[in-house]
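A.B. asks: Below are the sequence and a predicted model for it; my questions follow.
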Amino acid sequence: MAAKTRRRGGIKVLLAIFLIAAALGCIPSRSKDETPAEPTPIEQEASREADEEQPVTLSAAEDADSESESEPVPAPEPAPEPEPAAAVEPEPEPAQDPVPAAAPERSPFDLSQVPEYSGSPVVAVNGNAPELTAADADGLTEYYSPLDSLGRCGVVMALVGPETMPTEERGSIGMVKPSGWHTVRYDDLVDGKYLYNRCHLIAYQLTGENANTRNLVTGTRYMNMEGMLSYENDVADYVERTGSHVIFRAEPVFEGDELVCRGVHLEALSYEDGGAGLSYNVFCYNVQPGVGIDYATGDSWRTAPEPAPEPEPEPAEDPAASDEVTYILNVNTNKFHLPGCSSVKQMSEKNKREFTGTREEAIARGFDPCKRCNP
């Protein structure tokens, strides 16, 4: 190592002398055309020393080439093919109440066609002849008018037949609040205690429409049971008996902006025979004897005097065994029926009771005879 250091020192001294001599003009310059002279031994030694001290560097490109030659770059893996998207089934449209394109046009019912209520729950209109025709059944299955801006029902129609009748018991409708609805009771004045019922314009027994808001109005118990029911039963009985169809139309009749209808206009016409088998045209009064009604709001008040205490009934005589009959009691309506009465088939099991005794005994127990089977 010391010898090498001394040699480098000598070379540096010689280089310094050479440079000084060149600066003083001792070394002749060379023209461009002259052939370069061979380097002196001193110059060769200096060049070799310089080469030994300089580290060898590669350009970025050379370095990259070197690495690429020594280590092959793996080919990029092919991108996985996307899985096909699962087919999305369209969601079914929500079921809508059956409404044809349009109902047969007719002017609204005019209350002036009927007299004021005078004790009968129903009055005939147009001599009991319906304005319905076979053409009204064209394209008709069921029709329920949309509610108006006050939430009131309008005209409803149906071509009632065996295929439209329900096959299961009616469900609850307590969640529906028709226009003008109030929950109020008059225990001594109303059969069933509650003044108002949710009255089906087209009875459940005809089309199976249960909680359809376009088919339920605020109606008195009196109108529902004493007015509309027997006419609805007539349609059901005809269809069950003949297997034929009946054009049925119901229209709640309002005055102005009142929320409770003054009554319901009912019409029916047997379809296949043009009304020969069944036809009617009636108006059912939405009243309750002994109760006043504000039809604008549904408010009500008692008009009948408070009832006097009823005397105790005298004990009935023992009837003869031959007078005893088996009746079906409806503990909800407080009516009794013969077992074969069509109303018994429509009666809920929870309201049905069997009773064996005389007609007088059934009445004494607080039950009224059915007006259809007249037990």
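C.D. replies: Sure thing, it's come through.
A.B. asks: how long is stretch 274-291 from one end to the other?
C.D. replies: Start and end residues of stretch 274-291 are separated by 40 Å (CA to CA, to the nearest Å).
A.B. asks: Go through that stretch and flag the buried ones.
C.D. replies: 275, 278-288, 291 (16 or more other CB atoms under 10 Å). In this view, the C-beta of every residue, glycine as well, is placed from N, C-alpha and C.
A.B. asks: Specify which member of the residues you listed is nearest to Pro252.
C.D. replies: Relative to Pro252, the closest of these is Asn286; by CB to CB it sits at 8.4 Å.
A.B. asks: Provide a list of residues in contact with that closest one.
C.D. replies: Asn286 sits next to Gly219, Thr220, Met223, Val260, Cys261, Arg262, Gly263, Val264, Ile293, Tyr295 when contact means CB atoms under 8 Å, 6 or more residues apart in numbering.
A.B. asks: what does stretch 358-373 rub up against?
C.D. replies: Here stretch 358-373 makes contact (CB under 8 Å, 6+ apart) with 230, 233, 313, 316, 319, 323-325, 327, 329-330, 334-338, 340-343, 355, 375.
A.B. asks: Of those residues, grab the buried ones for ChimeraX.
C.D. replies: Buried residues among the contacts of stretch 358-373 (16+ other CB under 10 Å), as a ChimeraX selection:
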select :230,233,325,327,329,330,335,336,337,338,341,342,343,375
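A.B. asks: So which of the contacts of stretch 358-373 belong to strands?
C.D. replies: Judged by DSSP state E, the subset of those located in strands is Val325, Tyr327, Leu329, Asn330, Lys335, Phe336, His337, Phe355.
A.B. asks: Spatially, which two of these are the most separated?
C.D. replies: Once CB to CB is applied, these give Val325 and Asn330 as the farthest pair, at 16.1 Å.
A.B. asks: what's the domain layout of the protein?
C.D. replies: The chain breaks down by automatic domain parsing into domains covering 111-302, 321-369.
A.B. asks: returning to what we had before: just send the ones in strands among the contacts of stretch 358-373 back as a markdown table, with pLDDT and distance to Tyr238 too.
C.D. replies: Listed next are those as a markdown table, based on pLDDT from 0 to 100; distance: CB to CB, whole Å:
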| residue | pLDDT | distance to Tyr238 |
| --- | --- | --- |
| Val325 | 84 | 28 |
| Tyr327 | 89 | 26 |
| Leu329 | 90 | 27 |
| Asn330 | 90 | 23 |
| Lys335 | 89 | 22 |
| Phe336 | 88 | 25 |
| His337 | 88 | 20 |
| Phe355 | 85 | 30 |
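A.B. asks: Looking at these, spot the one nearest Val239.
C.D. replies: Closest approach between these and Val239, by CB to CB: His337, at 20.5 Å.
A.B. asks: what is the closest one paired to in the beta sheet?
C.D. replies: Ile328 (DSSP bridges).
A.B. asks: May I ask which helix or strand encompasses the closest residue to Leu201 other than its chain neighbours?
C.D. replies: In space, and not counting its chain neighbours, Leu201 is closest to Ala250: 4.1 Å by CB to CB, 6 or more residues apart in numbering. For Ala250, the host element (DSSP states H and E) is strand 246-253.
A.B. asks: try Leu269
C.D. replies: Here Leu269 is assigned to strand 263-270, by DSSP H and E.
A.B. asks: Could you identify the helix or strand that succeeds that strand?
C.D. replies: Past strand 263-270, further along toward the C-terminus, the next helix or strand under DSSP H and E is strand 279-285.
A.B. asks: quick check: angle from that following strand to strand 246-253?
C.D. replies: 20 degrees (axes from the mean of the first three to the mean of the last three CA atoms, to 10 degrees).
A.B. asks: What is strand 279-285 packed up against?
C.D. replies: Judged by 3 or more CB pairs under 8 Å, 6 or more residues apart in numbering; DSSP states H and E, the packing partners of strand 279-285 are strand 122-124, helix 229-242, strand 263-270.
A.B. asks: And these: which comes nearest Ile17?
C.D. replies: Closest among the helices and strands packed on strand 279-285, once you apply CB to CB, is strand 263-270, at 136.6 Å.
A.B. asks: any chance you could map the helices in the stretch 101-250 of the chain?
C.D. replies: 204-207, 221-222, 229-242 (DSSP state H, counting those that start in this stretch).
A.B. asks: Provide the contact partners of the last one at residue level.
C.D. replies: Think helix 229-242. When contacts are defined by CB under 8 Å, 6+ apart, helix 229-242 is touched by residues 122, 160-162, 165, 203, 205-206, 244-246, 248, 266, 268, 270, 277-278, 280, 282, 284, 342-343, 346, 371-372.
A.B. asks: What's the ChimeraX syntax to select whichever of these are buried?
C.D. replies: Applying 16+ other CB under 10 Å to those leaves a buried subset, and the ChimeraX line that selects it is:
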select :122,160,161,203,205,206,244,245,246,248,266,268,270,278,280,282,284,342,343,346,372
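A.B. asks: Need the pLDDT of the closest residue to Pro339 other than its chain neighbours.
C.D. replies: Counting by CB to CB, 6+ apart, Pro339 lies nearest to Ile328, which is 5.6 Å off, once chain neighbours are set aside. Ile328 is assigned a predicted lDDT (pLDDT) of 91.
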